[in-house]
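> Predicted structure and sequence below. I'll ask about it afterward.
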Amino acid sequence: MAGIDIMATQLDSAVNAAQRTGELLGVLSFATSGALLAVRKDFDIFGMAVLACATALGGGVTRDLLIGRTPPAAFTDLTYLCVSLLAALIVFLRHPPARLIRGPLEIFDAIGLGLFCVTGTVVAYAYGTGAPTAALLGMVTAIGGGVIRDVLAGQTPSVLRPDQELYAVPALIGAATTATLLYYGEYRAWTGGLAALAAIVLRLLARKYHWRAPQALRRT
């Protein structure tokens with residue numbers, strides 16, 4: 001029994017470490033995407049910092065407020081803020097020309113989307129929400145920062161634009177997969193990684209092949 005308990009503890013530690021790593025990588029990816037958009041919009045360094053932090057932390061703050069996790073983790077663990085500011089500084093000092101920013105912006109945005117839909121679901125589920133609610137909150141975590149970023153940048157959020165490829169759907173699929181794994185006790189670091197990878201790949205494929213959600217038919 002002691003050996004089983006030790007193995008369970010080691011497994012929990014590995015999952016927690018993977019969760020922490022995923023959160024920080026998601027923050028870094030989303031902060032980078034926010035900073036790159038700020039470059040496209042010709043923002044100054046303060047504007048870049050604001051857009052990077054809003055993109056990286058906005059979804060998580062929204063989730064935490066909805067589940068009653070107050071104050072939100074972004075305000076109690078300054079690591080998230082520091083990583084966001086570091087990403088903004090790196091982009092400020094060294095970034096591709098404006099005409100070449102779109103590609104890296106989409107890649108970092110997809111990575112943040114995939115990582116956050118998984119980590120957000122895990123946090124929500126750990127706070128006692130059911131699997132369906134946890135999946136929805138995971139999606140909110142993934143798309144919330146991008147919505148805030150686009151609004152602050154003065155453009156319609158990508159998730160609401162009919163001319164944009166699938167954005168919320170990959171996040172929802174990744175979050176739903178994670179919630180299912182959690183519900184059946186099959187969530188591990190590597191299964192969560194696969195769920196995040198699936199969301200990332202689906203988002204990038206949607207961009208490449210212009211997959212869009214169906215629209216209602218207009219009646220004359």
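Received it, and whenever you're ready, just let me know what you need.
> any idea how far residue 72 is from residue 128?
Going from residue 128 to residue 72 by C-beta to C-beta, to the nearest Å gives 17 Å. Using the backbone N, CA and C atoms, a C-beta is placed for each residue, glycine as well.
> actually residue 54, not the one I wrote
From residue 54 to residue 72 the distance is 13 Å (C-beta to C-beta).
> The two - which one has more neighbours?
Counted by other C-beta atoms under 10 Å, residue 54 and residue 72 do not tie: residue 54 has more neighbours, with 24 against 17.
> if I look at that one, how far off is residue 150?
10 Å.
> Could you do residue 162 as well?
For residue 162, the distance to residue 150 - C-beta to C-beta - is 15 Å.
> Neighbour count for the two, which is higher?
A direct count of neighbours by other C-beta under 10 Å for residue 162 and residue 150 places residue 150 higher, at 20 against 9.
> Leaving out the residues flanking it, which one is nearest to that one?
Nearest in space to residue 150, with sequence neighbours left out and distances taken as C-beta to C-beta, 6 or more residues apart in numbering, is residue 157 at 4.3 Å.
> try residue 149
Using C-beta to C-beta, 6+ apart, the closest residue to residue 149 is residue 55 (4.1 Å).
> For the one you found, give me its contacts.
30-31, 33-34, 37, 112, 145-146, 148-149 (C-beta atoms under 8 Å, 6 or more residues apart in numbering).
> Could you pull out the helices in the protein for me?
2-40, 45-67, 73-76, 78-93, 102-126, 131-152, 168-183, 189-209 (DSSP state H).
> out of those helices, nearest to residue 216?
Residue 216 sits nearest to helix 168-183 of all those, at 16.8 Å, using C-beta to C-beta.
> neighbouring contacts of the closest one?
110, 113-114, 116-118, 120-122, 125, 131-132, 134-139, 142-143, 159, 187-188, 191-192, 195-196, 198-200, 202-203, 206, 213.
> returning to that earlier point: adding neighbour count as columns, could you present the contacts of residue 55 in a markdown table?
Converted to a markdown table, the contacts of residue 55 look like this (neighbours: other C-beta atoms under 10 Å):
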| residue | neighbour count |
| --- | --- |
| 30 | 33 |
| 31 | 33 |
| 33 | 30 |
| 34 | 36 |
| 37 | 25 |
| 112 | 27 |
| 145 | 31 |
| 146 | 27 |
| 148 | 21 |
| 149 | 29 |
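> Residue 17: which of those is nearest?
Using C-beta to C-beta, the contacts of residue 55 come closest to residue 17 at residue 112, 19.5 Å.
> pLDDT score assigned to the residue nearest to residue 149?
On pLDDT, residue 55 comes in at 95.
> Next one: it relative to residue 135, how far apart?
In terms of C-beta to C-beta, residue 55 sits 22 Å off from residue 135.
> Residue 49 too?
Separation of residue 49 from residue 135 (C-beta to C-beta) stands at 32 Å.
> Same question for residue 120.
9 Å.
> Low-confidence bits of this structure, can you list those?
Residues of the chain meeting the criterion pLDDT under 70: 1-15, 98-100, 220.
> Stretch 155-174: which residues count as buried?
157-159, 164-174 (16 or more other C-beta atoms under 10 Å).
> tell me the contacts of residue 206?
Taking C-beta under 8 Å, 6+ apart as the criterion, residue 206 is in contact with 165-167, 169-170, 212.
> could you redo the last one with a cut-off of 6 Å?
For residue 206, the contact set (C-beta atoms under 6 Å, 6 or more residues apart in numbering) comprises 165-166.
> gap between it and residue 106?
According to C-beta to C-beta, residue 206 stands 10 Å off from residue 106.
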